[in-house]
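Undergrad: Provide a 3D model corresponding to the input given below.
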Amino acid sequence: MKYFSKKLKFLFLTFFLLTSFSGCARILGTYVSQPQPGQEGRYSQEFDLTVEDAYQKVKVVLKELDAYLFVDNSKKPFISAMRFDKSFVNCIDTTEVGIFFESESDNKTKVDVACGNVRLAKFVADKIFSALSN
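TA: Here you go, the predicted model:
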């Protein structure tokens, strides 16, 4: 019984350490804080689109990247996507990227892309911003 208990403690500690230090990990259902505006790992740009149009275009880009939409909330509006490991090799499949939409006016939308994995955030932001600019 002691062996089982020690092994269980070791597995729990290993799991905790791995999830604590991976990109945008979640611990006990709460998100590790995302980079704030102006910090590395958070990229913002405004587009001449409605929030709804920008939201739908972003979903198309994420599908092209084979990403999984972990949270798809068009009411807030906010998307949390993961499984970028098929299109971006420097991340694990559970690294989450947050995409936030904010209406600046009727036809202007600010889009924020954020992730603790700075290179993944930049990669996804570049793909999304390129698609929204066209």
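
Undergrad: C-alpha only now, for contacts and for neighbours.
TA: Fine.

Undergrad: which residues does the spatially most central residue of the chain contact?
TA: Nearest to the geometric centre of the chain sits residue 97, at 0.7 Å (C-alpha atoms, centre = their mean). For residue 97, the contact set (C-alpha atoms under 8 Å, 6 or more residues apart in numbering) comprises 24, 80-82, 113-115, 121.

Undergrad: For residue 86, which residues are in contact?
TA: 65-66.

Undergrad: any weak-confidence spans in this protein?
TA: Filtered on pLDDT under 70, the chain yields the residue ranges 1-39.

Undergrad: Narrow the contacts of residue 97 to those in strands?
TA: Here DSSP state E is the test, and the contacts of residue 97 give 80-82, 113-114 as lying in strands.

Undergrad: Checking residue 93 next. Helix, strand or coil?
TA: Using DSSP: H, G, I helix; E, B strand; the rest coil, the structure places residue 93 in coil.

Undergrad: Only the buried residues of the strand ranked longest in the chain, if you could.
TA: Counting by DSSP E, the longest strand found in the chain is strand 97-105. For strand 97-105, burial by neighbour count (16 or more other C-alpha atoms under 10 Å) applies to 97-103.

Undergrad: any chance you could map the strands in the chain?
TA: Using DSSP E, strands in the chain cover 26-27, 30-31, 42-47, 68-73, 78-82, 97-105, 108-114.

Undergrad: Now do the fifth one: everything it contacts.
TA: In this structure, residues lying in contact with strand 78-82 by C-alpha under 8 Å, 6+ apart are 62, 67-73, 93-101.

Undergrad: same deal with the fourth one?
TA: Among residues not part of strand 68-73, those counted as contacts by C-alpha under 8 Å, 6+ apart are 62, 78-84.

Undergrad: Surely residue 92 touches residue 120?
TA: No - contact criterion C-alpha atoms under 8 Å: residue 92 and residue 120 do not qualify, at 10.3 Å.
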